[in-house]
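*Asks:* Need a 3D model of the following:
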Amino acid sequence: MAKAKRQGTAIPKHELEALAETLYPAIREFFESNQGQAEFKAWQEQQKAGIVHKHI
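*Replies:* The predicted structure follows:
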């Protein structure tokens, strides 16, 4: 039997999958929007410049 992959959390896999199914449509819609594409491009430029933002 293959060893189960760990998600790095105590949250059961089926709950993570349910959460992903719920959030995915909104995330995809955002990144396909003009605003999402602009923010992603800005993030990519920050990564190239070595700018790090820590969110707490």
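*Asks:* Output the longest helix along the chain in PDB with nothing but the alpha carbons.
*Replies:* For the chain, the helix with the greatest residue count under DSSP state H is helix 13-32. C-alpha atoms of helix 13-32 as PDB (Å, rounded to 0.1, in the frame of the first residue of the first chain):
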ATOM      1  CA  LYS A  13      -8.100  15.500   3.200                       C
ATOM      2  CA  HIS A  14     -11.900  15.400   2.400                       C
ATOM      3  CA  GLU A  15     -12.400  18.700   4.200                       C
ATOM      4  CA  LEU A  16      -9.500  20.300   2.300                       C
ATOM      5  CA  GLU A  17     -11.000  19.100  -1.000                       C
ATOM      6  CA  ALA A  18     -14.400  20.400  -0.100                       C
ATOM      7  CA  LEU A  19     -12.900  23.800   0.800                       C
ATOM      8  CA  ALA A  20     -11.000  23.900  -2.500                       C
ATOM      9  CA  GLU A  21     -14.100  23.000  -4.500                       C
ATOM     10  CA  THR A  22     -15.900  25.900  -2.800                       C
ATOM     11  CA  LEU A  23     -13.100  28.500  -3.200                       C
ATOM     12  CA  TYR A  24     -11.800  27.600  -6.700                       C
ATOM     13  CA  PRO A  25     -14.500  29.200  -8.800                       C
ATOM     14  CA  ALA A  26     -14.100  32.600  -7.000                       C
ATOM     15  CA  ILE A  27     -10.300  32.400  -7.200                       C
ATOM     16  CA  ARG A  28     -10.400  31.500 -10.900                       C
ATOM     17  CA  GLU A  29     -12.800  34.400 -11.600                       C
ATOM     18  CA  PHE A  30     -10.600  36.900  -9.800                       C
ATOM     19  CA  PHE A  31      -7.400  35.800 -11.600                       C
ATOM     20  CA  GLU A  32      -9.200  35.900 -15.000                       C
END
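*Asks:* ok, residues contacting that helix?
*Replies:* By Cβ atoms under 8 Å, 6 or more residues apart in numbering, the surrounding residues in contact with helix 13-32 are 7, 9, 36-37, 40. In short, each C-beta sits where N, CA and C put it, glycine included.
*Asks:* Now render those residues as CSV, adding secondary structure and neighbour count.
*Replies:* Below are these laid out as CSV (DSSP: H, G, I helix; E, B strand; the rest coil; neighbours: other Cβ atoms under 10 Å):
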residue, secondary structure, neighbour count
7, coil, 10
9, coil, 9
36, helix, 14
37, helix, 12
40, helix, 12
